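>>> I'll drop the sequence and a predicted model, then ask my questions.
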Amino acid sequence: MLNLRWTFGIGLIFIGLFFISAHTPPFDFRNSGIKTVVIDAGHGGKDPGAISHDVWESKITLAIALEVEKKLKQELPDLKVILTRDDDTFVELHNRAKHASDNEADFFISIHCNSNPNDQAHGTETYIMGPHMDNANLSTIMRENEAILLEDNQEEEYDGFDPKDPSSYIVFTILQNSFHRQSKNLALKIEENFAGTGRKSRGVKQAGYLVLWKAATPSILIETGFLTNGDEAKFLNSEIGRANLAEDIVMAVKTYSKEMTE
């Protein structure tokens, strides 16, 4: 058994090294402000995401993404804003990330809603690429990554990654995100803005989200609140709630972009 575990561990290291070389970003991060940003509305189409209190994650994320796009164009008119989807359609995770790499985006921002068996759980979380730090987060990560099971050729696109197998996530302890500093910087700003406008911030965390791994650019995944919490579901399903979230995200992007020019 020990030998098998050792062989498995060594195998994962080689897989990790392959992933690093295969997904090395083709361009360097620019220090002249953000020129292009990709906004990703999580889920969509045949993948509704979390559903609770008659609220669908896919519909909420799209509404927030559209609001973020509108506000970014108002606040930063020279910024190129790209949406991975602008209607209720299914987009594969690797194609969401492809928007970022194909357009040499300065940032990839994926928007989601959370869920939890505990209906009292509430607050926002923003994730950057990295190993998950505790098992409580693993169920959320698995749920988001399971979207690949709806895709064609997912074995080839994700190198045989099994989103339901906890051992698959060991590889993310090996992977190092080339854009860790930039991703964490924006993530912290967003969570600070959420907390500053009255939301409970659960902080910035690391996780092995496939969409972040594939993005090959500074990238974050925002969990805007828990649909399983009645109050948060009501907030997320309201125009004012989504507008407030979008404003917090946009102001963080604006501050971050300004810092990059200084």
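Ah, there it is.
>>> tell me how far residue 66 lies from residue 259.
Distance of residue 66 to residue 259, computed by Cβ to Cβ, to the nearest Å: 26 Å. Heads up, the C-betas are built off the backbone N, CA and C, glycines and all.
>>> more neighbours: the two, which one.
residue 66 (17 against 13; other Cβ atoms under 10 Å).
>>> wait, is the more buried one part of a helix?
Yes: membership of residue 66 in a helix is supported by DSSP: H, G, I helix; E, B strand; the rest coil.
>>> that one contacts residue 85, correct?
No: taking contacts as Cβ atoms under 8 Å, residue 66 lies outside contact range of residue 85: 10.0 Å.
>>> what's the overlap in contacts for those two?
Shared contacts of residue 66 and residue 85, defined by Cβ atoms under 8 Å, 6 or more residues apart in numbering, comprise residue 41.
>>> low-scoring stretches of the stretch 151-262 of the chain, by residue?
152, 154-161, 163, 166-178 (pLDDT under 70).
>>> let's go with 50 and repeat that
Low-confidence regions of the stretch 151-262 of the chain, defined by pLDDT under 50, span residues 173-174.
>>> which parts of it are helices?
154-157, 180-196, 210-215, 230-236, 239-261 (DSSP state H, counting those that start in this stretch).
>>> ok, the most centrally placed residue in the chain to residue 238 distance?
Nearest to the mean C-alpha position of the chain, by Cα atoms, centre = their mean, lies residue 221 at 2.1 Å. Going from residue 221 to residue 238 by Cβ to Cβ gives 23 Å.
>>> pLDDT of stretch 126-137, averaged?
For stretch 126-137, mean pLDDT rounds to 69.
>>> again, but for stretch 77-92
Here stretch 77-92 scores 95 as its mean pLDDT.
>>> list the contacts of it.
34-41, 44-47, 58-59, 62, 65-66, 69, 72-73, 95-96, 99, 103, 105, 148, 150-151, 157, 257.
>>> buried subset of the residues you listed?
Taking 16 or more other Cβ atoms under 10 Å as the criterion, what is buried in those is 34-41, 44, 47, 58-59, 62, 65-66, 69, 72, 95-96, 99, 103, 105, 148, 151, 157, 257.
>>> out of those, which are inside helices?
58, 59, 62, 65, 66, 69, 72, 95, 96, 99, 157, 257 (DSSP state H).
>>> can you list those residues in a markdown table and add distance to residue 111?
Shown next, in a markdown table, are those (distance: Cβ to Cβ, whole Å):
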| residue | distance to residue 111 |
| --- | --- |
| 58 | 11 |
| 59 | 12 |
| 62 | 9 |
| 65 | 5 |
| 66 | 10 |
| 69 | 11 |
| 72 | 13 |
| 95 | 16 |
| 96 | 11 |
| 99 | 14 |
| 157 | 22 |
| 257 | 18 |
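>>> any idea how far residue 123 is from residue 232?
Distance of residue 123 to residue 232, computed by Cβ to Cβ: 8 Å.
>>> who touches both of these two?
225, 226.
>>> where's residue 87 relative to residue 45, distance?
For residue 87, the distance to residue 45 equals 9 Å [Cβ to Cβ].
>>> try residue 82
Plainly put, residue 82 is 19 Å away from residue 45 if you go by Cβ to Cβ.
>>> try residue 236
With Cβ to Cβ as the criterion, residue 236 and residue 45 are 20 Å apart.
>>> what are the bridge partners for residue 201, then?
residue 124 (DSSP bridges).
>>> hmm, residue 195 and it touching each other?
Yes: using Cβ under 8 Å, residue 201 is in contact with residue 195, at 4.1 Å.
>>> who's more crowded, residue 123 and residue 232?
Each of residue 123 and residue 232 has its neighbours counted (other Cβ under 10 Å); residue 232 has more, 26 against 19.
>>> OK, contacts around that one?
122, 225, 226.
>>> if I look at the last one, how far off is residue 141?
Between residue 226 and residue 141 the computed distance is 15 Å (Cβ to Cβ).
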